[in-house]
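In: Structural data only, the sequence is not supplied:
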């Protein structure tokens, strides 16, 4: 998958947020909650992101190139937009509920309903 992310043919578009959003620890906490199977790295100076199901993205010349079965970077950007829209909440504002059916993440002070 890494080889595809670095050299594969995909669909390109300008990006709104590049991979550097993962350097902000508060943003990364949210991004890891909402996109837990996404990993990022840089190969030979080319930033890439990939999802465990096979989607990938690379950042070259102001564009993101995406390929695979999904649109990994579209999903990450949407999650980052949601986090910004919520006022950039720090991790202390999240609550976790764990039951036999799974887990839900809530944002303190937000309307009822899980956020991740």
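Out: That came through fine. Source: prediction; values computed, not measured.
In: For the rest of this, base every contact and every neighbour count on C-alpha atoms.
Out: Noted.
In: where do the helices sit along this protein?
Out: Residue ranges of the helices in the chain, as given by DSSP state H, are 2-7, 25-34, 72-85.
In: residues in contact with the second one?
Out: Right, helix 25-34. Residues outside helix 25-34 that contact it (C-alpha atoms under 8 Å, 6 or more residues apart in numbering): 21, 22, 38, 76, 79, 80, 83, 88, 89, 90, 91, 116.
In: now swap in the first one and tell me
Out: For helix 2-7, the external contacting residues (C-alpha under 8 Å, 6+ apart) are 43, 46, 48, 49, 50, 56, 57, 58, 66, 67.
In: go again using 7 Å as the cut-off
Out: 48, 56, 57, 58 (C-alpha atoms under 7 Å, 6 or more residues apart in numbering).
In: I'd like the distance between the residue of the chain positioned farthest from its centre and residue 78.
Out: Farthest-out residue of the chain from its mean C-alpha position, per C-alpha atoms, centre = their mean: residue 100, at 26.5 Å. According to C-alpha to C-alpha, to the nearest Å, residue 100 and residue 78 sit 29 Å apart.
In: What separation is there between the residue farthest from the centre of the chain and residue 93?
Out: From residue 100 across to residue 93, the span is 24 Å (C-alpha to C-alpha).
In: for residue 101, same thing?
Out: Going from residue 101 to residue 93 by C-alpha to C-alpha gives 23 Å.
In: Likewise for residue 12?
Out: 36 Å.
In: of these two, who's got more company?
Out: Set residue 12 next to residue 93 and count neighbours by other C-alpha atoms under 10 Å: residue 12 wins out with 16 against 11.
In: At the geometric centre of the protein, which residue do we find?
Out: residue 76 (3.1 Å).
In: Residue 71 touches residue 53, doesn't it?
Out: No. Residue 71 is beyond contact range of residue 53, at 10.7 Å (criterion: C-alpha atoms under 7 Å).
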